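**Q** Here's my sequence, what's the structure:
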Amino acid sequence: MSELLEIKDLHVNAGEKEILKGIDLEIKKGEIHVIMGPNGSGKTTTANAILNNPEYTKTNGTITFDGEDITESRTDEIARKGKEINEKERPNDVYIIDSRLAWSNVPDSYAIRLTVNEAIAGKRVFYDATRGSEDQYETVDEAIQKTRKRKLGEIERYKEKYGINLLDENNYDLVVDTSYTNTQELADIIVSGEEAYRTGKSYPKYWANPTCEER
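**A** Model (predicted):
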């Protein structure tokens, strides 16, 4: 299987500060890689470096995409190449992308928005022992308030940076309130909705589990 994206010894500066120090990455065609990490770990910088964002300076290394060196290519040229890859038909491939903007960036994607009552969201965060230190709170009330504040901040940031309203339900094909559902029920709703979407059948868009909310 040939490489789709290959990064070798990538060093990147933001101003005078070196942010990435010798990144190596290889993604073969058909593979899906997820870059994760806490704030400041370099996730956004890596993405910006691949897209050749002029705010960042590559001081060493190469980036090859689909066999072509794009290290010094313009951002719009790189975006066009990515769009061409995404638009190729893959009738047997199914990808699940956890991203607030995937519906906008991936053509013909089945866009799902999950919502939740703010109090329940805060409680879930508070009692989830697997979360990192940034999601550790003294009380449930603190978790509710700060989770709500973070959500509102994200909504405003996406409006300012991308001109996108995350709350606009016209952006989505399926909207599910997960406040009182479990993972199996949620999976069943999503799979049934996606199958109906692909086959052109009618299917409710809005779900306030366990009953469908007609709009």
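
**Q** drop to CA atoms for contacts and neighbour counts, all remaining ones
**A** Will do.

**Q** Where does the prediction get shaky in this structure?
**A** Residues of the chain meeting the criterion pLDDT under 70: 1, 32, 34, 36-41, 89-95, 209-215.

**Q** Going by neighbour count, list what's buried in the longest helix out of those in it.
**A** Assignment by DSSP state H gives helix 140-162 as the longest helix of the chain. By neighbour count on 16 or more other C-alpha atoms under 10 Å, the buried set for helix 140-162 is 140, 143-144, 147-148.

**Q** can I get the residues you listed in CSV with distance to D76?
**A** Below are these laid out as CSV (distance: C-alpha to C-alpha, whole Å):
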residue, distance to D76
V140, 45
A143, 41
I144, 41
T147, 35
R148, 35
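
**Q** all strands of this structure, in order?
**A** Secondary structure of the chain (DSSP state E): strands at 3-14, 17-28, 57-65, 68-69, 112-115, 174-177, 206-208, 211-212.

**Q** any chance you could read off phi and psi for the most centrally placed residue in the chain?
**A** With the centre of the chain defined as its mean C-alpha position, the nearest residue by C-alpha atoms, centre = their mean is S99, 1.8 Å away. For S99, the backbone dihedrals (degrees, to the nearest 10) come out as phi -160, psi 140.

**Q** on that earlier part again, which strands and helices lie in contact with the longest helix of the chain?
**A** helix 118-127 (3 or more C-alpha pairs under 8 Å, 6 or more residues apart in numbering; DSSP states H and E).

**Q** what comes into contact with the helix it packs on?
**A** 131, 135-137, 139-141, 143-145, 147-148, 179 (C-alpha atoms under 8 Å, 6 or more residues apart in numbering).

**Q** Pull the contacting residues for the residue nearest to the centre of the chain.
**A** So S99 contacts nothing (C-alpha under 8 Å, 6+ apart).

**Q** can you offset everything so residue one is 303?
**A** All set: I'll call the first residue 303, so the last point we hit is now S401.

**Q** Tell me if I'm right that L307 and D371 touch.
**A** No - if you go by C-alpha atoms under 8 Å, L307 and D371 don't touch, sitting 9.8 Å apart.
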